[in-house]
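Asks: Just to be clear, the model below is a prediction. Sequence and coordinates:
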Amino acid sequence: MAKPLAITANLVDVRNIAAHKCVRLEIHVPVEQAGAVMEAFGWPTMVNPVAVAIARLDLSKAREPASNIAIPKEKRRFAELPIAQQAALLCDREAFWNFLKEEHPMTWNECCRDHDKRVIPGADAAKFCLYELCDITSRAELSTNTRAAGVFQTLSLDFESWLQAPI
């Protein structure tokens with residue numbers, strides 16, 4: 001077996017050691033890698049230290065993630081997402097808010113203020129506008145209500161066309 005080029009660990013603490021004019025790093029390595037640590041570094045002491053390099057790892061790009069690292073989900077195309085998730089993502093887009101303001105101004109104006117006439121932030125206003133246009137009370141209903149899902153699909157297609165229109 002080849003020696004590992006790097007051993008993944010977690011930096012958990014940094015302490016100032018004034019007497020030695022340095023900082024002490026506390027690094028935790030999974031116990032399963034203890035043998036690899038000893039093989040790579042031996043048993044360092046203050047008299048016989050081992051020179052090492054320290055680097056911050058971007059584990060989201062790791063090829064073979066360790067068992068304690070969350071594996072990122074595979075990215076899917078927008079059209080492959082559940083319809084309720086598509087609706088949530090659209091409502092987070094400022095361009096969608098502008099589309100609703102321009103193409104559905106009465107509904108937008110009705111939905112962008114609460115009962116006390118305070119302005120509701122864009123994503124929430126878009127959500128309430130979507131509820132009104134699709135006649136639903138939750139985006140989850142788009143998965144079960146075929147009429148509302150059809151309205152949403154039309155709205156989504158209109159938005160895509162609106163994005164492509166020349167200014």
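Replies: Thanks, I have it. None of these values were measured; they are calculated from a predicted model.
Asks: C-alpha only now, for contacts and for neighbours.
Replies: Fine.
Asks: Could you pull up the residues touching V50?
Replies: Under the criterion of C-alpha atoms under 8 Å, 6 or more residues apart in numbering, the contact partners of V50 comprise 41, 44.
Asks: Can you tell me the element the spatially most central residue of the chain falls in?
Replies: With distances taken as C-alpha atoms, centre = their mean, P72 lies nearest the centre of the chain, 9.8 Å away. Assignment of secondary structure by DSSP states H and E places P72 within no helix or strand.
Asks: Tell me how far it lies from A6.
Replies: Computed as C-alpha to C-alpha, to the nearest Å, the P72 to A6 distance reads 22 Å.
Asks: any idea of the mean pLDDT in stretch 122-130?
Replies: Averaged across stretch 122-130, the pLDDT comes to 90.
Asks: swap that for stretch 17-28, please
Replies: The pLDDT scores in stretch 17-28 average 80.
Asks: cool, and stretch 159-167?
Replies: pLDDT averaged over stretch 159-167 gives 86.
Asks: hmm, who's touching that stretch?
Replies: Counting contacts by C-alpha under 8 Å, 6+ apart, the residues outside stretch 159-167 that touch it are 96, 99.
Asks: Of all the residues in it, which ones are buried?
Replies: When neighbours are counted by 16 or more other C-alpha atoms under 10 Å, the buried residues of stretch 159-167 are found to be 159, 162.
Asks: Using CSV, write down the CA coordinates of it.
Replies: In CSV, the C-alpha atoms belonging to stretch 159-167 read as follows (Å, rounded to 0.1, in the frame of the first residue of the first chain):
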residue,chain,number,x,y,z
PHE,A,159,-41.7,33.8,-17.4
GLU,A,160,-39.2,32.1,-19.6
SER,A,161,-40.6,33.9,-22.7
TRP,A,162,-40.5,37.2,-20.7
LEU,A,163,-36.9,36.6,-19.9
GLN,A,164,-36.1,36.1,-23.6
ALA,A,165,-38.0,39.1,-24.8
PRO,A,166,-35.8,42.0,-26.1
ILE,A,167,-35.7,45.0,-23.8
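Asks: for the protein, which spans come out with low pLDDT?
Replies: Low-confidence segments of the chain (pLDDT under 70): 1-5, 59-71, 115-116.
Asks: Need the single longest helix in it, by residues.
Replies: The residue-count maximum for a helix in the chain (DSSP state H) belongs to helix 146-164.
Asks: Please identify the helix or strand for R24.
Replies: R24 is located in strand 22-28, with elements delineated by DSSP H and E.
Asks: so how far is that strand from its chain's centroid?
Replies: Between the mean C-alpha point of strand 22-28 and the mean C-alpha point of its chain there is a distance of 30 Å (C-alpha atoms, centre = their mean, to the nearest Å).
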